[in-house]
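Trainee: Okay, structure incoming, though there's no sequence with it:
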C-alpha cells in the first residue's frame, strides 16, 4: 500500500494505525524464519505508537504527514532505548542514549518503528552476509542475497514486512539492495540528510536514505528526512523543496545521459544491459532526449573508494576498544591486550580487512601514494560529472552489473564482491543524489534496477524522471512470483 | 648524534617550548558539555564527549574566537582557511582513540613575542622569541590508577572524561630560548598574555597551562643542533627553569664524559629536583593524520578577523614599554605593575585621575598590592577606588600630608574607601608647615634635652635622628619633615 493511500484510509477511518501495524507485525512473524531481515522487532513500542496515532485521530487532532506509517530502520542508525548493533558482535547489547536526527524527524512525523534491520557488519559489504547475526535472504529467491549493506531494510520492504524502510549508502548500500530486491532506493545529496546518529563507516561518503515501494513514497519520506541539522557540520543549510511538486510534470525535452563506460563494462550482464537500455527507450518515448555521455574516470571510482572508505573507517572504528561500551575480551592481562583482543574477537573478518587496508593507506610513507592520490582522483571524478551536467540533466546507468547472486557466491573473493559497487560508488565520491528504480527481471525472475544520478541537490528532478518512468513502465505490475513476495 | 667537539667554544643550550593552553570557554570544543574543573568524575560528559557511535563534532565558535585572539596577540598570521585533522593513537583517555587536532594547516603560523628576562643580581634584557604556530585541539580525559597510589602496583584504572574535549590552543615556540630563565620568562609571558586576553586562566596547578620543553646543547651558536630531549611534568615556572638548567648540565656532563644523549622523553621530578627517563622516542610515532571528514574547513574572513583584533586589549609588553617610556617608571616597576591586568587597570585609573605616576606606582606595588594579595581581593572590587588613591597621592605630593600620615589612614581607606582629603580635614591631620610653629616646638625640645644637645654639639651627630623622632612624636607625625630637619639642624648648631 502506498503512503498516500494509507493516509486516506487512516483519515477516513477505513483502517486504524493499530490494524496496519498488527498486519505488519504478523507479516514479520510469518516471513522472518526464512528471511532474517530484522535484528530486533519492537512490537510493543510499535503497537503503543500506533494506538497514540489512532487516539489522535479519534480526538480530531491534525495528523502528521507520516502518521502510522510502519517503518524498518537499518541497525546502524541510533535509536534511543532500542539496541543498535551495526550487526556486529562489537556492539551487541549497545543501547544508545540518544536518537539519530533522521529517525527523530520520522517519529515526530508520526512514523511507527517496527524494528531494526540486518546489514553487513558496520555496513561493510554488498550482500548482508557479513552480519554477525546471520545473513538475510532475498525475498525473490531465498538462496540469493538481498544485496547490501542495507539488505535487511530492502528485503523487509520487498517481503511486505514494513511499509518503507531506511538504509545508509556509502558506496551503493541503498541502491544495490534496492536493485536486488525490486524496490526504490534513494541516496540523497551528501549533506541533505543529517548523519547525526548514523554510526559512521566512511564519513565523507555516508548518507542516509529511504527504501520504498514507489517513487511517490520516496518523495514523501525524503520530505521529512531532509534538512539542516546544527549537530552535523556537514549537513547543508539550504531550504528543502516540495519533493512531490514536480512528480507529475512531463519529462519532455529532458536530457538523459547514458554513461558510455558503464554500458561497456566487462562483467555487465547482458540481461541487465538490455533491460536498462529498454528503460532508456521508454524514457525517450516519454519525450526525453537520450545523450551518449563519457565519464572516463567513472570506473576509477572503485579503486578510489577502496582507499578512501577504509581509511576513514580505520579511524571511525578505532573507538571500539572494549573500554567504554560494547564487547570486551575477557581476562586480558594488559591494556594493549584488552584493546587488541577485544577488536580481534569483536569485529568480523571483512571489518578487520578494511581497518587494515585503511590503516596501511594512512601510514607514514604510504599516505601520499594512496590516500592523497585517491583524493585527487576523487576530484577528477567530480569534474567528469560537472562536465557531463553541462550537457545533460540526469545520468542513467544500471544500478548493479548483475542481478542478485547466490548466497556465498563471493565468499572467498572479496574483490568480486567489491565490483558489485562499481556503478554506484561514483555518486558517493562526488556527493551526488542517485536513485535505483526497478526496470525489469532477469530470466531467473530476479529484479533489475536502473540508476539515475542527478546533479547536486537535484533530488526533485531525479524523483520526477523516476516517477514518470515508473508510472509508464509499470514494471512491478507484471512481476514474476517470488518466494516471500506478497501476492 | 653527539654534539660536535669544537672544544674551544662554550656550550650553548637550544630550547623550544610546546605550551598547551586550555581555552576558557564555558562549553567544550565540539559539544555543549561544561568545562567546569574539579567536579565529580564523568559529570561533564555527553554522547559526543564519550565518542559514542554516530555522534559528530561541531566546532564551538567561541573556541575559534579565543584561538584567533590568542594567535593575534602572539603576532601570528591567521589562516583564512584551515582544517581539523585526526591524530590517531590508542589510549583509554582518548574516547575516540583519535584526537581532533590541526596538523598541516593550523589556524595560525609565524609569530613572535617579546620577553623581558630579569634575574636577581643581573641586568634584565629584552629578547624576541619566535613562535612557529598555534593550533586548536581537544584535550584528553584522565586515567586514575586504583588499588595503589602509583601506576606500578595498581590493580585497575578508572577513566574520567570531564576534561575530554576541553578546548586547547597548542603554542609551539621556535628553538630561540637559551637558558632556563628565558624558558620560564617565555612561559610566564604566554600565560600573562592569555590572562590579559581573558581566553584562559593559565592555572598551572589545575593544568590549564602545561609546558613541554625540548632541549639540546651544542658547542657554540654555529654548531649544528645536538640530540633533542623532551621534558614533561613541570607545573610551575620555577620548575621549568630548574628542569632546563638541570637538563643542560646533565647533557653537557654526558658529552664531556664521552656519553651520548639519546632522543627520549624525561620527566621533571619536583621532589628530587632532577629529570628522569620516561620513554625513548626512537623514531617519530606514526599518528596517521588525515583531514577530519566530520568537520568542514575553518574559515575566518578578513572582516571577522579584524573585528576580533579590534577587541584586543593593550598587551603586557606594550604596557611595559609605555610605563617606562611615557610614565618614567623603572623597568622593575613597569614589570610588577603590568604582571596582572587588573593591577595595571587600577594603576592606570589612579594616574588618569591625576596622581604622579611614580608615587602611584610605589603605593600600588607596595602597600596596596600587599593588602590585595594577602586578602585575595580583586582590584575591581577594592573599596579604595583609584580616584581616592589619586587624591591621597596628590595630598602627599602637594605637601598637605606626610607619607607617615598617609600610611596611618591607609588601612581604613583600604577597608572602607572614602576621601583622604575629608579624613585629613576632619581629624586635623594636615601637615604643620609653618616655620614659626616648628621653631617653637624645636626650642621646647632642645630645652627639655640639654644633655643630648651637648652631646650633639660635642660631635655625636647621629643624635639628630633622636630629635627628629621626638619632634614627630610631639606633632603626631604631622610636621613637614623637610622643614623640620632644616630648622633642627640650624638650631642644633647653636
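Mentor: Happy to help now that I have it. Computed from a predicted structure; not experimentally measured.
Trainee: and chain B, which residues reach chain A?
Mentor: For chain B, the residues found near chain A under the criterion C-beta under 8 Å from any C-beta of the partner chain are B:47, B:50-59, B:86, B:88, B:90, B:92, B:95-98, B:157, B:159, B:284, B:286, B:288-290, B:293-296. No exception for glycine: its C-beta is placed from N, CA and C like everyone else's.
Trainee: Strands along the stretch 1-150 of chain A, start to end?
Mentor: Counting by DSSP state E, counting those that start in this stretch, the stretch 1-150 of chain A has these strands, from start to end: A:38-41, A:70-74, A:112-117.
Trainee: Show me what the helix or strand that comes right after the last one is packed up against.
Mentor: On the C-terminal side of strand A:112-117, the nearest following helix or strand under DSSP states H and E is helix A:151-158. Applying 3 or more C-beta pairs under 8 Å, 6 or more residues apart in numbering or on different chains; DSSP states H and E, we find helix A:151-158 packed against helix A:17-35, strand A:38-41, strand A:70-74, strand A:112-117, strand A:164-168, helix A:175-181, strand A:208-212.
Trainee: which one of the ones you listed is the most hemmed in?
Mentor: Highest mean neighbour count among those (mean count of other C-beta atoms under 10 Å in any protein chain shown): helix A:175-181, with a mean of 36.
Trainee: Generate a PyMOL selection restricted to the buried subset of the residues of chain B next to chain A.
Mentor: Applying 16 or more other C-beta atoms under 10 Å in any protein chain shown to the residues of chain B next to chain A, the buried members can be selected in PyMOL as follows:
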select buried, chain B and resi 47+50+51+52+53+54+55+56+57+58+59+86+88+90+92+95+96+97+98+159+288+289+290+293+294+295
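Trainee: Which of the residues of chain B next to chain A fall within strands?
Mentor: Mapping these onto strands (DSSP state E) picks out B:86, B:88, B:98, B:157, B:159, B:290.
Trainee: Grab the two from the residues you listed that are most spread out in space.
Mentor: Between all members of these, the longest pairwise span (C-beta to C-beta) is found for B:157 and B:290 and amounts to 29.3 Å.
Trainee: circling back: can I get the strands of the stretch 1-150 of chain A in CSV with mean pLDDT?
Mentor: Below are those laid out as CSV (pLDDT from 0 to 100):
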stretch, mean pLDDT
strand A:38-41, 98
strand A:70-74, 98
strand A:112-117, 98
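Trainee: what's the closest of those strands to chain B?
Mentor: strand A:70-74 (11.9 Å; C-beta to the nearest C-beta).
Trainee: Name every strand pairing with the closest one and say which way it goes.
Mentor: According to DSSP bridges, strand A:70-74 forms sheet pairs with strand A:112-117 (parallel), strand A:164-168 (parallel).
Trainee: now the angle from the last one to strand A:208-212?
Mentor: On the basis of axes from the mean of the first three to the mean of the last three C-alpha atoms, to 10 degrees, strand A:164-168 is oriented at 150 degrees to strand A:208-212.
Trainee: Can you give me the neighbour number for residue A:108?
Mentor: Per other C-beta atoms under 10 Å in any protein chain shown, the neighbour tally for residue A:108 reads 13.
Trainee: right, and it touches residue A:64 too?
Mentor: Yes. Judged on C-beta atoms under 8 Å, residue A:108 makes contact with residue A:64 at a distance of 7.0 Å.
Trainee: just to revisit the earlier point, which one in the ones in strands among the residues of chain B next to chain A is the model shakiest on?
Mentor: The lowest pLDDT within these belongs to residue B:157, which sits at 85.
Trainee: Need the strands paired with strand A:70-74 in a markdown table (columns: distance to residue A:394).
Mentor: Listed next are the strands paired with strand A:70-74 as a markdown table, based on distance: least, C-beta to C-beta, whole Å:
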| stretch | distance to residue A:394 |
| --- | --- |
| strand A:112-117 | 29 |
| strand A:164-168 | 21 |
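Trainee: Ok, which of the ones you listed comes nearest residue A:332?
Mentor: Residue A:332 lies closest, by C-beta to C-beta, to one member of these: strand A:112-117, at 30.0 Å.
Trainee: Alongside chain B, which residues does the stretch 101-250 of chain A contribute?
Mentor: Taking C-beta under 8 Å from any C-beta as the criterion, the contact residues of the stretch 101-250 of chain A with chain B come out as A:195-200, A:202-204, A:230-234.
Trainee: Just the buried subset of those, please.
Mentor: Burial by neighbour count, 16+ other C-beta under 10 Å: within these this picks out A:195-200, A:202-204, A:231-234.
Trainee: of all these, which comes closest to residue A:255?
Mentor: So of these, ranked by how close each gets to residue A:255 (C-beta to C-beta), first place is residue A:204, at 29.4 Å.
Trainee: residue at max distance from the center of chain A?
Mentor: In chain A, counting by C-alpha atoms, centre = their mean, residue A:333 sits farthest out from the average C-alpha position, at 41.3 Å.
Trainee: Just to be sure, that residue is in a strand?
Mentor: No. Residue A:333: not assigned to a strand; according to DSSP: H, G, I helix; E, B strand; the rest coil it is coil.
Trainee: how much space between it and chain B?
Mentor: From residue A:333 over to chain B the distance is 12 Å, taken as C-beta to the nearest C-beta, to the nearest Å.
Trainee: packing partners for the lengthiest strand in chain B?
Mentor: When every strand of chain B is counted residue by residue (DSSP E), the longest turns out to be strand B:125-138. Helices and strands touching strand B:125-138, by 3+ C-beta pairs under 8 Å, 6+ apart, are helix B:61-73, strand B:98-101, strand B:108-117, strand B:167-173, helix B:180-197.
Trainee: ranking these by burial, who's on top?
Mentor: With neighbours defined by mean count of other C-beta under 10 Å, none of those is more surrounded on average than strand B:167-173, at a mean of 25.
Trainee: the inter-axis angle of that one versus strand B:108-117?
Mentor: Here strand B:167-173 runs at an angle of 70 degrees relative to strand B:108-117 (the same axes, to 10 degrees).
Trainee: I'd like the distance from strand B:167-173 to the chain centre, please.
Mentor: On the basis of C-alpha atoms, centre = their mean, to the nearest Å, strand B:167-173 sits 17 Å off its chain's mean C-alpha point.
Trainee: Same check on stretch A:193-211?
Mentor: 10 Å.
Trainee: For that stretch, what does the pLDDT average out to?
Mentor: For stretch A:193-211, the mean confidence score works out to 98.
Trainee: and what of stretch B:307-319?
Mentor: Per-residue pLDDT over stretch B:307-319 has a mean of 97.
Trainee: again, but for stretch A:359-378
Mentor: Per-residue pLDDT values over stretch A:359-378 give a mean of 94.
Trainee: And stretch A:77-86, by the same measure?
Mentor: For stretch A:77-86, mean pLDDT rounds to 98.
Trainee: go on, stretch A:414-426?
Mentor: Averaging pLDDT along stretch A:414-426 gives 87.
Trainee: same check, this time on stretch B:129-139
Mentor: According to the model, stretch B:129-139 has a mean pLDDT of 98.
Trainee: Can you give me the pLDDT of the residue in the stretch 1-150 of chain B positioned nearest to chain A?
Mentor: Sorted by distance to chain A under C-beta to the nearest C-beta, the residues of the stretch 1-150 of chain B start with residue B:97, at 3.7 Å. In the prediction, the pLDDT value recorded for residue B:97 is 97.
Trainee: circling back: spell out which strands sit alongside the longest strand of chain B in the sheet and which way each one runs.
Mentor: strand B:108-117 (antiparallel), strand B:167-173 (antiparallel).
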